[in-house]
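# Using only what follows, build the 3D model:
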Amino acid sequence: MKKPKTIARRQFLKGTAIGAAASALLSGCSRQNAAAPRVAQPRRPGPNERLAIGLIGVGELGRRHHLQGMLLDNEKIRDRVDVVAVCDVDRDHRDDAAQRIWDRTGKRVGVYKDFRDLLDRRDIDAVFIVTPDHWHALIAIAAMESGRDVYCEKPLTLTIEEGRAMVRAARRYGTVFQTGSMQRSDVRFRKACELVRNGKIGRITKVETHVGSVGPGKWQPYQTPPPQLDWDFWLGPAPWADYFPDRCHHEFRWFSDYSGGKLTDWGAHHNDIAQWALGMDESGPVRIVGKGTFHENGPNDVPGTFEVRYTYENGTELICFAEGENGVKFHGTDGWIFVNRGRIEASDPDILKTRLGPNDVRLYNTGHDPNNWVNHYNDWFECIRTRQRPICDVEVGHRSVTVCHLGNIAIRLGRELHWDPKKELFVNDAEANMLISRPMRAPWHL
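Numbering: from 1, shown residues only. Model prediction:
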């Protein structure tokens, strides 16, 4: 295949500036939260049709993993989709993403600062949302209202209330919604969960997840935001804060206004696997006790180290640690299994050689490609065509990150909490229930 001719960057940016300028004219606080609902149901493409994709959030993760690594360069993915629009509040990010698409395909794409302008287009089937966590719910609900299917990065939400609102929207509009917890599409994690589900290490007594700690960060003087970044739009529904470089882009994860620290960053991966193995995809723990430490010598205000103990109704305990080898360890009455992204091992190696019988539980299998992103993407694409729910449906993503939010709330309050996973409320605890949601900065609201 002949490689497209490379366009000079200055010439390319001149072409894309028109879309960005139009976006700037249309954006502003006077607009509603979202594009006007299309009312129509999401389109059901045929088996040989390519999907038209919009990518909202093209920072480091959005460009390197989603755009370059999968949508453009992976042959099992790129022949199924066309990226037709990109959006980011940082001009350098969105222009670089559009340039990468031109270099790879020879096609110009729509370039937007405001996600609502991207959603105003009528030629987009589905969107990827790869923004900071505090934007996920607003953008996802707007996309669902506009009739688009959604792939949203983990952790799914900033609050528990946001997750339930996303589930309601997905059910109302018939959205095929995939949460980016791609470990479910990894053969090692699925194998571990199937062995646990089928009692191959006996009755599960305890699950340990190790997700990493957070350093204090580095104090930096407040600065005028760089001209390419719309800082007010980046903050969006979050409280106003003066800008310094380490407060945004990748480092946003360590500020509680935008994320939940390691408990939601890696916890949304490993606690999700614990929920899957325990059969708790539509439930959760009933008792939570957490302790953690906070840094006093740096700007990062999420827990630096922590230990959270969750108890499920059947007595099984999940313990989430900051420290220890990254991964998930299942303890049963007849042995243990440890799994992470590099390996799977057991107390007895023969456990891993166990063949499941015809009557054993088999978990959702998205494929056998060694790259779990490929399996996870293709599962979503296939479900868009069949209108089935994918492996990490919005309810799954919501329930898994709820476990993480419960841990952060327990650490903040410093006492034992009791949770009703059916009502999604703390039991007789008004103070804790106030932390299920957060106010949004005007004019943004759910």
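
# Every contact and neighbour count from this point should use C-alpha atoms.
Fine.

# what helix or strand is Tyr151 on?
Here Tyr151, judged by DSSP states H and E, is contained in strand 149-152.

# average pLDDT for that strand?
Throughout strand 149-152, pLDDT has a mean value of 98.

# List the contacts of it.
With CA atoms under 8 Å, 6 or more residues apart in numbering as the test, strand 149-152 has contacts from 42, 125-130, 136, 140, 143-144, 175-180, 380, 384.

# just how off-centre is it within its chain?
Strand 149-152 sits 10 Å away from the centroid of its parent chain (CA atoms, centre = their mean, to the nearest Å).

# immediately after it, which helix or strand?
The first helix or strand that comes after strand 149-152 along the chain, using DSSP H and E, is helix 160-173.

# Against Pro132, how distant is the residue positioned nearest the centre of the chain?
For the chain, the residue nearest the mean C-alpha position is Lys154 (1.5 Å; CA atoms, centre = their mean). Using CA to CA, to the nearest Å, Lys154 is found at 10 Å from Pro132.

# and Thr205, how many neighbours?
14 (other CA atoms under 10 Å).

# Local confidence estimate at it?
Here, the pLDDT recorded for Thr205 equals 97.

# where does the chain dip in pLDDT?
Residue ranges of the chain with pLDDT under 70: 1-41.

# Pro226 belongs to a strand?
No - per DSSP: H, G, I helix; E, B strand; the rest coil, Pro226 lies outside any strand segment and is coil.

# Pop out the phi and psi values for it.
Pro226 has phi and psi values of phi -60, psi 150 when expressed as degrees, to the nearest 10.

# One more: the one 3 residues further on?
Taking degrees, to the nearest 10, you get phi -110, psi 120 for the backbone angles of Leu229.

# Which residue is the nearest non-sequential neighbour of it?
Counting by CA to CA, 6 or more residues apart in numbering, Asp90 is the residue found nearest to Leu229 once chain neighbours are left out, at 4.3 Å.

# Phi and psi next, for the one you found.
Per-residue torsions, Asp90: phi -100, psi 120 (degrees, to the nearest 10).

# wouldn't Asp272 be in contact with His398 here?
No - taking contacts as CA atoms under 8 Å, Asp272 lies outside contact range of His398: 9.8 Å.

# quick one, what contacts Pro216?
Pro216 sits next to His295, Glu296, Asn297, Gly298, Pro299, Asn300, Asp301, Gly304 when contact means CA under 8 Å, 6+ apart.

# who wins for neighbours among these?
Neighbour counts for these (other CA under 10 Å) peak at Asn300, which has 25 neighbours.

# Can you report phi and psi for that one?
Note on Asn300: backbone dihedrals following degrees, to the nearest 10 are phi -70, psi 120.

# cool, and Glu317?
Main-chain torsions, Glu317, degrees, to the nearest 10: phi -110, psi 140.

# Okay, it and Pro285: tell me how far apart.
Counting by CA to CA, the gap between Glu317 and Pro285 amounts to 9 Å.

# So between those two, which is more surrounded?
Set side by side, Glu317 and Pro285 show more neighbours around Pro285, with 24 against 20, by other CA under 10 Å.

# what number of residues lie near the spatially closest residue to the more buried one that is not a sequence neighbour?
With sequence-adjacent residues excluded and distances taken as CA to CA, 6+ apart, Pro285 is closest to Tyr312, at 4.2 Å. Tyr312 is flanked by 18 other residues according to other CA under 10 Å.

# Who are the contact partners of Tyr312?
Contacts of Tyr312 by CA under 8 Å, 6+ apart are Gly284, Pro285, Val286, Arg287, Leu318.

# Same question for Leu67.
If you count contacts by CA under 8 Å, 6+ apart, Leu67 has them with Val58, Ala97.

# Checking my notes, it in a strand, right?
No - counting by three-state DSSP, Leu67 is located in no strand; its state is helix.

# gap between it and Asp379?
Using CA to CA, Leu67 is found at 17 Å from Asp379.

# how about Arg438, secondary structure?
Put simply, Arg438 is coil when judged by three-state DSSP.

# Which residue comes closest to it once chain neighbours are left out?
Take Arg438 and drop its neighbours on the chain: the residue closest to it by CA to CA, 6+ apart is Thr159, 7.1 Å away.

# Next, count neighbours for the one you found.
Look at Thr159: counted by other CA under 10 Å, it has 23 neighbours.

# Give me the neighbour count for Arg342.
Quick fix: residue 342 reads Gly, not Arg. Residues lying near Gly342 (other CA under 10 Å) number 7.

# any idea which element it lies in?
Under the criterion DSSP H and E, no helix or strand holds Gly342.

# if we can go back for a sec, mutual contacts of Glu317 and Pro285, please.
With CA under 8 Å, 6+ apart as the test, Glu317 and Pro285 both reach Tyr310, Thr311.

# all strands of the stretch 1-150 of the chain, in order?
51-56, 81-87, 110-112, 126-129, 149-152 (DSSP state E, counting those that start in this stretch).

# Nearest approach to Pro390 belongs to which of those strands?
Nearest to Pro390 among the strands of the stretch 1-150 of the chain is strand 149-152; the distance by CA to CA comes to 10.3 Å.

# Just checking: what are the partner strands of the closest one?
Strand pairing for strand 149-152, using DSSP bridges, gives strand 126-129 (parallel), strand 177-179 (parallel).

# Which residues does the longest one contact?
With CA under 8 Å, 6+ apart as the test, strand 126-129 has contacts from 51-57, 136, 139-140, 143, 148-153.

# what separates that strand from the chain centre, distance-wise?
Centre to centre, stretch against its chain (CA atoms, centre = their mean), the figure for strand 126-129 is 12 Å.

# from the contacts of Pro216, which single one is nearest Pro237?
Distance to Pro237 across the contacts of Pro216 (CA to CA) is lowest for Asp301, with 18.5 Å.

# For the stretch 251-400 of the chain, which segments count as helices?
262-265, 267-278, 372-386, 394-413 (DSSP state H, counting those that start in this stretch).

# Understood, closing this out.
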